[in-house]
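J.: with the sequence up front, the predicted model follows.
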Amino acid sequence: MAGLRTPFAKSGTVFRDVSATALARHAARELLVRAELDGREVDEVVFGQVVPSVRVPNVAREVSLLPQLLPSVPAYSLNRACASAAQAITNAADQIALGHADVVLAGGVESLSDIPVLHSRRFSQILVEAGKARTMGRRLGTLARTRPRDLVPVTPAVAEPSTGETMGQSAEKMAKENGITRDAQDRLALQSHLRAAAGTADGRLTAEIAPWFAGRDLDDVLQSDNGIRPDASLEALSQLRPVFDRRYGSVTAGNASPLTDGAAAVLLMAEEKAAALGYRPLAFLRSYAVAAVDPAWQLLMGPVYAVPRALERAGVAWADLGLVEIHEAFAAQVLSNVQAWASPAWAERLGLPGPVGEVDWERTNVMGGSIAIGHPFGATGARLVTTLVNEMVRRDVQFGLISICAQGGMGHALVLERI
């Protein structure tokens, strides 16, 4: 298992005119090049994307049509919200375990600079009816029914369809219900930025990035994530105003992950196939688990349920983990999850004999997280796997854990192992 990604960039910045397809193909192509893998060995492509283009609903197929791959390689895209790329990876692993594939290219992509903007339902109906009109007169007559209110665009929101509550509002609610202070959130955000800055400066993070060449002469090279703030300070973070509850809130733009564009890809192989091709796997997928909670409750608490299931399936205890990666959608969410894993009351609620475990921050998110690095919804899972695997190799760690919260009240957890 090895991975590579594009730089992650705040939406509306350097990738604002770049399609999700271009980002996904760039990550996949460069991964094949660095791995020195003949593309004819790839059996399937699986990619996650949360907000797909209406014109390109299956971005995975566009990846599989890279000239390095055979056009006969099947491909599909999936959506498990922020855990989409992780789901793509576990789906790929399942196909390998079943003997249906030997080599799978999995990952995810998101371009939040290029989200679909919709018309009202009434205007859509008028356009469809006009398109079916047999004469120009009837067509013009139908279009004449359009009113100014029909032309108001409808933009997608990062909100729960079932509750109408945005993820930020849910994070705010979790902070209040779980007693997560503003100071604790800002300190986690500061840690994220400083660690990501250090990982960029010493090359650990940039090693997993395929540089992007932009500009008319392709001389504008982006080699790192543009949301990381090396100059971040607790004082500056504390000055930011709450976004979702302006009077009593604690969730700010500084302690939440930004809207981000980017892509990430991971290469998975059957152990026998890797040996036959002369590769030594960086890590193995030992287990995974998915869980869900009522979105109207604490939306981002799904990982609290998923993590102990993944550990149980792996036969691994929390104390055995050498490294942990927790997706940082919001600092309030991370700290709520961490608090629950260490809680005897939550252990009882989960039907466990004791708490899952206490997070050691010296082994957790050691190069920062999504608050600093960014969070392209469909790509983050593959970024987390790539970052964790590489650090497991550097530190000679046997077991690593990934925890991801996702829209819909879902949680996804993976246990990786080096042998």
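T.: Alright, I've got the coordinates.
J.: what comes up buried for stretch 375-394?
T.: 375-392 (16 or more other C-beta atoms under 10 Å). Where you see a C-beta, it was placed from the backbone N, CA and C, and this is true even at glycine.
J.: just stretch 313-331 next, same as before
T.: 314, 316, 318, 321-331.
J.: residue with max distance from the center of the protein?
T.: In the chain, residue 137 marks the outermost C-alpha relative to the chain mean, sitting 49.7 Å out by C-alpha atoms, centre = their mean.
J.: state the distance from that residue to residue 150.
T.: 21 Å (C-beta to C-beta, to the nearest Å).
J.: domains of this protein?
T.: The record's domain split for the chain, according to automatic domain parsing, is 2-114+258-417, 121-151.
J.: with distance to residue 252 and mean pLDDT added, can I get those in JSON lines?
T.: Listed next are the domains of the chain as JSON lines, based on distance: least, C-beta to C-beta, whole Å; pLDDT from 0 to 100:
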{"stretch": "domain 2-114+258-417", "distance to residue 252": "9", "mean pLDDT": "97"}
{"stretch": "domain 121-151", "distance to residue 252": "34", "mean pLDDT": "85"}
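J.: ok, which stretches of the protein are strands?
T.: Along the chain, counting by DSSP state E, strands occupy 2-5, 9-10, 44-48, 75-78, 103-110, 212-214, 220-222, 260-269, 284-292, 323-326, 399-406, 410-417.
J.: which strands and helices sit next to the first one?
T.: Under the contact criterion of 3 or more C-beta pairs under 8 Å, 6 or more residues apart in numbering; DSSP states H and E, the helices and strands touching strand 2-5 comprise helix 20-35, strand 260-269, helix 380-395.
J.: still on that earlier bit, what's the closest of the domains of the chain to residue 197?
T.: Proximity to residue 197 (C-beta to C-beta) singles out domain 2-114+258-417 among these, at 7.5 Å.
J.: report the distance from that closest one to the chain centre.
T.: Put simply, domain 2-114+258-417 sits 7 Å off its chain's centre (C-alpha atoms, centre = their mean, to the nearest Å).
J.: any idea how far apart the tips of that domain sit?
T.: For domain 2-114+258-417, the first and last residues are 13 Å from each other (C-alpha to C-alpha, to the nearest Å).
J.: now do stretch 321-331
T.: 22 Å.
J.: just to revisit the earlier point, reformat the buried residues of stretch 313-331 as JSON lines; add distance to residue 265.
T.: Shown next, in JSON lines, are those (distance: C-beta to C-beta, whole Å):
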{"residue": "314", "distance to residue 265": "24"}
{"residue": "316", "distance to residue 265": "27"}
{"residue": "318", "distance to residue 265": "30"}
{"residue": "321", "distance to residue 265": "25"}
{"residue": "322", "distance to residue 265": "25"}
{"residue": "323", "distance to residue 265": "21"}
{"residue": "324", "distance to residue 265": "23"}
{"residue": "325", "distance to residue 265": "17"}
{"residue": "326", "distance to residue 265": "22"}
{"residue": "327", "distance to residue 265": "18"}
{"residue": "328", "distance to residue 265": "21"}
{"residue": "329", "distance to residue 265": "22"}
{"residue": "330", "distance to residue 265": "26"}
{"residue": "331", "distance to residue 265": "28"}
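J.: what is the nearest of the residues you listed to residue 133?
T.: residue 329 (47.0 Å).
J.: isn't the closest one right next to residue 168, touching?
T.: No. Counting by C-beta atoms under 8 Å, residue 329 stays clear of residue 168, with 9.4 Å between them.
J.: list the residues that contact both of these two?
T.: residue 256 (C-beta atoms under 8 Å, 6 or more residues apart in numbering).
J.: quick one, which of the strands of the chain gets closest to residue 241.
T.: strand 9-10 (19.1 Å).
J.: can you give me the distance of the nearest residue to residue 260 once chain neighbours are set aside to residue 267?
T.: Counting by C-beta to C-beta, 6 or more residues apart in numbering, residue 260 lies nearest to residue 374, which is 3.5 Å off, once chain neighbours are set aside. The gap separating residue 374 from residue 267 is 22 Å, by C-beta to C-beta.
J.: contacting residues for the closest residue to residue 188 other than its chain neighbours?
T.: Once flanking residues are discounted, residue 188 sits nearest to residue 331: 4.2 Å by C-beta to C-beta, 6+ apart. Neighbouring residues of residue 331 by C-beta under 8 Å, 6+ apart: 180, 184-186, 188-189, 251, 255-256, 371.
J.: since that was my last question, I'll sign off now.
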